[in-house]
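Asks: Dropping the sequence and predicted coords here.
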Amino acid sequence: MDEKEFCKKLLNLKPPWIVQNVIMNEGKHTLDIYVDHPKGVKFPCPECSTESIVYDHQRERIWRDKDSIDFETYIHAKPPRIRCKKHGIMLANVPWSEKSSRFTTRFETHAIDVLQATDVTKASKILRITRDEAWHIMDKAVNRGLARKTSNPEIIGIDEKSYGKHHNYVTIIYNLIKPGVEYVSFGRKKSSINGYYKTLDRENRKTLSTFS
Ligand SMILES: [Zn+2]
């Protein structure tokens, strides 16, 4: 298996995406994977899924991926813009990342695991990202979690932490029965709890026990 084929498997890339080039820098300990697609392929419109022709490409974007064998791994690609008959010119989705993220989905999933196991300062060091990026990933994951949530928590724990030179505050609300982060808010405890309560239905607000 050559390096392109290896990286294709590593990223779990499906047609029409192909690995065009791989650059391994042993000095910087980085792996840069350049991803492209053959000419003439179609991509689904992000709105209506209609297979549509490529109109043009955005400038090259770079996504941080999960490290490969300890090498900081980056995906490079020019995201295609398609012309949908119904919706006009649209930016096609790329399979490795959510819209507007600088990280691949695989990296974000890994980052959440690390963030849940330790605090943000340590997690950002392990992941080699900034604390702001770590908070942003956590915030997005929590929003996704809240959107998905089907049952309400019985007991929550509340943690307020300060960070940065200017003593910014962040409040994290945990589910203590089914361990996981329920809610993250940039602010002090009291206003954050109020924001969180608004996401609960009235019945759950009455029965909820709180530890802080
Ligand atoms: Zn469309």
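Replies: Good, I have the coordinates.

Asks: going forward, measure contacts and count neighbours with C-alpha atoms only.
Replies: Fine.

Asks: got any ranges where the protein has weak pLDDT?
Replies: For the chain, the stretches with pLDDT under 70 are 145-151, 163-166, 212.

Asks: Now do the helices in it.
Replies: With helices called from DSSP state H, the chain shows them at 3-11, 105-117, 120-127, 131-148, 189-197, 202-207.

Asks: Give me the number of neighbouring residues for N25.
Replies: N25 has 12 neighbours, counted by other C-alpha atoms under 10 Å.

Asks: show me the residues around the residue nearest to it when sequence neighbours are not counted that make contact.
Replies: Excluding the flanking residues, the one nearest N25 by C-alpha to C-alpha, 6 or more residues apart in numbering is L31, at 6.3 Å. Counting by C-alpha atoms under 8 Å, 6 or more residues apart in numbering, L31 makes contact with 22-25, 68, 71-74.

Asks: Same question for D139.
Replies: Neighbouring residues of D139 by C-alpha under 8 Å, 6+ apart: 183-185.

Asks: Most neighbours among those, which one is it?
Replies: Counting by other C-alpha under 10 Å, top hit in the contacts of D139: V184 with 26 neighbours.

Asks: before we move on, the earlier item: let me have the helices of the chain in a markdown table, extended by distance to E160.
Replies: Formatted as a markdown table, the helices of the chain follow (distance: least, C-alpha to C-alpha, whole Å):
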| stretch | distance to E160 |
| --- | --- |
| helix 3-11 | 37 |
| helix 105-117 | 15 |
| helix 120-127 | 13 |
| helix 131-148 | 14 |
| helix 189-197 | 6 |
| helix 202-207 | 20 |
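
Asks: re earlier: which among the contacts of L31 gets closest to the ion?
Replies: Distance to the ion, by C-alpha to the ion, is smallest for Y74 among the contacts of L31, at 29.8 Å.

Asks: can you tell me which residues contact the closest one?
Replies: Y74 makes contact with 30-33, 62-65, according to C-alpha under 8 Å, 6+ apart.
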